[in-house]
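> Quick one, what's the 3D model for this:
(one chain, ligands or ions: 2)
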Amino acid sequence: ESAAKAALREHFGYEEFRPGQQGVVEAILAGRDALAVMPTGAGKSVCYQVPGIVLPGLALVVSPLVSLMGDQVRALLDAGVRGAYLNSTLTPGQQATVLRRALAGAYQIMYVAPERLADPRFLEFAREAAIPLVAVDEAHCVSQWGQDFRPSYLAVGDFIEQLPNRPVVAAFTATATERVRRDIVRLLDLRDPYEVVTGFDRPNLYFGVERMEPKRKLAWIGGYALAHPGDSGIVYCSTRKDTDKVHAALVAAGVRAARYHAGMPAAERAESQRAFIADDAPVMVATNAFGMGIDKSNVRYVVHHNMPGSIEAYYQEAGRAGRDGEPSTCMLLWSDGDVSTCRFFIEQESGNEELTLEEADAVRASRRRLLEAMVGYCHTTGCLRRYILKYFGEDEMAPAEARGRVQEAYVALDEPAGGVGTPADGCNNCSNCEGVFDAVDVTNTARAVMRCVQELRGRFGKGLVVDVLRGTKSARVLDLHLDEAASYDTVDASAAQVKEVIELLAAGGYLVITEGTYPTVGLGPRAREAAGEGFSLTMKKVVRKADRVRSAGA
Ligand code: ADP
Ligand code: ZN
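Ligands and ions are numbered 1, 2, ... in the order given. Here you go, the predicted model:
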């Protein structure tokens, strides 16, 4: 048995590493840098504590969470690990004692705040001590693109450079974007790091997507809540108005529902929250203002009444279901109107912030990309779980046995342009794996759309593009003499179908749609590829809906 496994059992009482942990531990022990992206609770600490125990010398853990260091070290001491911490909560005398003992080899693991690394006295200490490993927790703090940039993290790289023997450097974070990851590698100067993204899969959650006209949504949600009496659930709405409306409808239908949004008085919000947590009102109807820091483990379903603006936002909100590990349902109801609303917000919002024009443009472009990935989720015929995991950069799903239920019936499907994930190895626990689809080939229509947008030079909105392609003699088309365009009347399909093809092309990055005062459809970053030989596009056509999507609805 390896020393690492022995340490895991002896000190932490676990028989096995979790998937992901083992690779990081082995890389570190083999002397290789590492970058691990794991959500909170996935077990990052074991990844550096076990090597810290096994390796001779003193492993440093850089962490911004000064207030937690005491607890972390106490837990280590309880586990029979010689741990220590050095931060500003200690008196200068205590700090000197810790450093003296550390030099004498008293500790295996020491937590320090990043500010400490820039302190010359600490550097002097570190140059004398034997430091085989520097583990950087919350490593995204080093990136300006992350949520919590801390300039003190920039000192980590300098610090390591000044050590006489370069230690192994291992970085840990729960923030997944590619850009932040690249920043971590660059700014911490990780050398050929072993990279792993893991733990994002929530096997007990069922994911469902259903396109639905707004007026049907209410009936569906009411039907779902009544069909699952006693179950705790959250219904997320994008506006306060919708929240009030859905809440009123549920209450009228006899559902004990609470309501939460930022427009309510604080006392009312607090009471809603209390009633929900206590299961007096098992169903919560809320905007995204609700949920931060709420840890209710028995939430059996999260239904989205509208499409959120990004996969990050969706997964965070949906992820509030099933914290107790029991099978739970995450259902997204969406309509074209939701997409337009999101686009509209993107064009409006960043206009009034104090940004330079270029910065505002960059913000809008990045939000559009986030939204298009969300739209892609709604359109994909591939496995929804795979789509999410790929989005976060995780390749592997948890084994099928871990899921709520396994079904053998499965129809292989093609994926649309923007889609990721291969349904052939789906999860059998999402509405795409469960449902039956036809993948309709719309490549020719897609090519015609691309030609038309190019010809119109991105000056017009979706409706006009559709009219031109279908050869409509509308006043606007005739006024602009677009009936003379080369792409006029080149498509034989319904307006709805052409619109959907435009949406798919946007989701795949071939087009960019804006929805401001002057809505436009323009060429996207991947427009060139659509002209190539290998290009093809298929559209999801539902043949048989997943049972769970069907059952609760009207
Ligand atoms: P993170 O730092 O990623 O938020 P933690 O390191 O705090 O996560 O670990 C989360 C929980 O998982 C802790 O209760 C920890 O004891 C537990 N845990 C970690 N590794 C294992 C393992 N290999 N087997 C079982 N439980 C584990
Ligand atoms: Zn699936």
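> Low-confidence ranges, the stretch 151-300 of the chain, go.
For the stretch 151-300 of the chain, applying pLDDT under 70 flags the ranges 176, 293.
> For it, which segments count as strands?
Ranges of strands within the stretch 151-300 of the chain are 168-173, 194-197, 205-211, 232-236, 257-260, 283-286, 299-304, based on DSSP state E, counting those that start in this stretch.
> In the stretch 151-300 of the chain, what residue lies closest to ligand 2?
Residue nearest to ligand 2 within the stretch 151-300 of the chain: Phe207 (7.0 Å; C-beta to the ion). From N, CA and C alone the C-beta is placed, and that goes for glycine too.
> residue contacts, that residue?
Going by C-beta atoms under 8 Å, 6 or more residues apart in numbering, Phe207 touches 318, 330, 332, 384-385, 388, 429-431.
> go with 7 Å
330, 384-385, 430-431 (C-beta atoms under 7 Å, 6 or more residues apart in numbering).
> restrict the residues you listed to contacts with ligand 2.
Among the contacts of Phe207, the residues that sit close to ligand 2 (C-beta under 5 Å from the ion) are 385, 430.
> Drop anything exposed from the contacts of Phe207.
330, 384-385, 430-431 (16 or more other C-beta atoms under 10 Å).
> Could you dump those into CSV and include secondary structure?
Shown next, in CSV, are the buried ones among the contacts of Phe207 (DSSP: H, G, I helix; E, B strand; the rest coil):
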residue, secondary structure
Cys330, strand
Leu384, helix
Arg385, helix
Cys430, strand
Ser431, helix
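> Among those, which one sits closest to Phe12?
Nearest to Phe12 out of the buried ones among the contacts of Phe207 is Arg385 (C-beta to C-beta; 29.3 Å).
> So which residues on the stretch 201-350 of the chain come close to ligand 1?
Within the stretch 201-350 of the chain, no position is near ligand 1 by C-beta under 6 Å from any ligand atom.
> how about the helices in the stretch 201-350 of the chain?
Along the stretch 201-350 of the chain, counting by DSSP state H, counting those that start in this stretch, helices occupy 214-227, 240-252, 266-277, 311-318, 336-349.
> Would you mind giving those as TSV with mean neighbour count added?
Formatted as TSV, these follow (neighbours: other C-beta atoms under 10 Å):
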stretch	mean neighbour count
helix 214-227	18
helix 240-252	18
helix 266-277	16
helix 311-318	20
helix 336-349	18
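> TSV for those helices, including distance to ligand 2?
Listed next are the helices of the stretch 201-350 of the chain as TSV, based on distance: least, C-beta to the ion, whole Å:
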stretch	distance to ligand 2
helix 214-227	20
helix 240-252	27
helix 266-277	29
helix 311-318	14
helix 336-349	22
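> Do I have it right that Glu15 meets Glu1?
No - Glu15 is beyond contact range of Glu1, at 11.0 Å (criterion: C-beta atoms under 7 Å).
> What separation do you get for the residue nearest to Leu55 when sequence neighbours are not counted and ligand 1?
Of all residues not flanking Leu55 in the chain, Pro132 sits nearest, at 4.3 Å (C-beta to C-beta, 6 or more residues apart in numbering). Plainly put, Pro132 is 20 Å away from ligand 1 if you go by C-beta to the nearest ligand atom, to the nearest Å.
> what about Thr446, how many neighbours?
Wrong residue type there; residue 446 is Ala, not Thr. Using other C-beta atoms under 10 Å, Ala446 has 27 other residues around it.
> Tell me the buried residues in the helix or strand encompassing it?
Using DSSP states H and E, Ala446 falls within helix 443-455. For helix 443-455, a neighbour-count test (16+ other C-beta under 10 Å) marks 445-453 as buried.
> What mean pLDDT does the helix or strand following that helix get?
With elements assigned by DSSP H and E, the helix or strand that comes after helix 443-455 is helix 462-470. The pLDDT scores in helix 462-470 average 96.
> Which elements pack onto helix 462-470?
helix 443-455, helix 475-479, helix 495-507 (3 or more C-beta pairs under 7 Å, 6 or more residues apart in numbering; DSSP states H and E).
> Please work out how many residues are found near Pro51.
Neighbour count for Pro51, taken as other C-beta under 10 Å: 26.
> Torsion angles phi and psi at it?
phi -60, psi -40 (degrees, to the nearest 10).
> That one and Ser143, how far apart?
Distance, Pro51 to Ser143, by C-beta to C-beta, to the nearest Å: 24 Å.
> And for Leu205?
Leu205 sits 29 Å away from Ser143, going by C-beta to C-beta.
> Adding distance to Arg216 and mean pLDDT, write the helices and strands packed on helix 462-470 out as JSON lines.
Below are the helices and strands packed on helix 462-470 laid out as JSON lines (distance: least, C-beta to C-beta, whole Å; pLDDT from 0 to 100):
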{"stretch": "helix 443-455", "distance to Arg216": "27", "mean pLDDT": "96"}
{"stretch": "helix 475-479", "distance to Arg216": "31", "mean pLDDT": "95"}
{"stretch": "helix 495-507", "distance to Arg216": "16", "mean pLDDT": "91"}
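> Which of these sits closest to ligand 1?
helix 495-507 (31.9 Å; C-beta to the nearest ligand atom).
> is it true that Arg544 touches Phe437?
No - between Arg544 and Phe437 there is no contact under C-beta under 7 Å: 8.4 Å.
> Looking at the two, which has the bigger crowd around it?
Using other C-beta under 10 Å, the more surrounded residue of Arg544 and Phe437 is Phe437, with 20 against 11.
> what secondary structure does that one sit in?
Phe437 ends up strand, using three-state DSSP.
> and the gap between it and Met307?
Applying C-beta to C-beta to Phe437 and Met307 gives a distance of 20 Å.
> Residue numbers of this structure in contact with ligand 2?
Proximity of the chain to ligand 2, by C-beta under 5 Å from the ion, involves residues 383, 385, 426-427, 430, 433.
> again, 6 Å this time
Applying C-beta under 6 Å from the ion, we find that the chain lies next to ligand 2 at 383-385, 426-427, 429-430, 432-433.
> With distance to Val299 and pLDDT added, can I get those in JSON lines?
Output for the residues of the chain next to ligand 2, formatted as JSON lines (distance: C-beta to C-beta, whole Å; pLDDT from 0 to 100):
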{"residue": "Cys383", "distance to Val299": "23", "pLDDT": "91"}
{"residue": "Leu384", "distance to Val299": "19", "pLDDT": "94"}
{"residue": "Arg385", "distance to Val299": "18", "pLDDT": "94"}
{"residue": "Gly426", "distance to Val299": "25", "pLDDT": "86"}
{"residue": "Cys427", "distance to Val299": "20", "pLDDT": "91"}
{"residue": "Asn429", "distance to Val299": "17", "pLDDT": "93"}
{"residue": "Cys430", "distance to Val299": "18", "pLDDT": "94"}
{"residue": "Asn432", "distance to Val299": "23", "pLDDT": "90"}
{"residue": "Cys433", "distance to Val299": "23", "pLDDT": "90"}
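> ok, and of these, which contact ligand 1?
Applying C-beta under 6 Å from any ligand atom, the subset of the residues of the chain next to ligand 2 adjacent to ligand 1 is empty.
> Out of those residues, which comes closest to Asp137?
For the residues of the chain next to ligand 2, the minimum distance to Asp137 (C-beta to C-beta) is 28.0 Å, reached by Arg385.
> quick one: contacts for that closest one?
201, 207, 397, 427, 429-430.
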